[in-house]
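here is a sequence with its predicted model. Questions after.
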Amino acid sequence: MKKYYAEYCRWGVNVSYESMNGNAFDFYAFDSKKKRDAWVEDHEWDGYPNRTAGTSTRRAVEHCCGKNFSLVEADEGVWVCCRKGLEYIVEMELGNE
């Protein structure tokens, strides 16, 4: 199934993907463009002076999380993208232990 991607960075989406040792961004996958666009709109500013969320691409996710990245379900139709082998960290953060 096709996924639609979004990125989130509390320092602003205009910083480099390599910022913070490559850990500045969080990536999310959605099962619909409509759901992704609504999430981006809800998180676009998040109380910070810089734009913190935006649409992204699979290519950007692969660049930051690795070509064979994992998806951890966060909500119905929403997944957190992470490096292979680090799923347990995301699951702990989500409370999916």
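Received it, and whenever you're ready, just let me know what you need. The model shown is predicted, which means the values in this text are computed figures rather than measured ones.

need the distance between the two termini of stretch 50-66.
Start-to-end span of stretch 50-66 (C-alpha to C-alpha, to the nearest Å) is 27 Å.

go on, stretch 14-30?
22 Å.

burial of the nearest residue to residue 52 once chain neighbours are set aside, as a residue count?
Sequence neighbours aside, residue 46 is the residue nearest to residue 52 in space, at 4.6 Å (criterion: C-beta to C-beta, 6 or more residues apart in numbering). Glycine gets a C-beta too; all of them are placed from N, C-alpha and C. Burial of residue 46 is recorded as 12 neighbouring residues (other C-beta atoms under 10 Å).

surely residue 46 touches residue 54?
No: contact criterion C-beta atoms under 8 Å: residue 46 and residue 54 do not qualify, at 11.8 Å.

what about the spatially closest residue to residue 82 that is not a sequence neighbour, helix or strand, and which?
Among residues not flanking residue 82 along the chain, residue 90 sits closest, at 4.9 Å (C-beta to C-beta, 6+ apart). Take DSSP states H and E as the rule and residue 90 turns out to sit in helix 87-94.

centre of the chain to that helix, how far?
Distance of helix 87-94 from the chain centroid (C-alpha atoms, centre = their mean, to the nearest Å) equals 14 Å.

what helix or strand is the residue nearest to the spatial centre of the chain on?
Geometric centre of the chain, nearest residue: residue 27, 1.3 Å, by C-alpha atoms, centre = their mean. Element membership for residue 27 (DSSP H and E) is strand 26-30.
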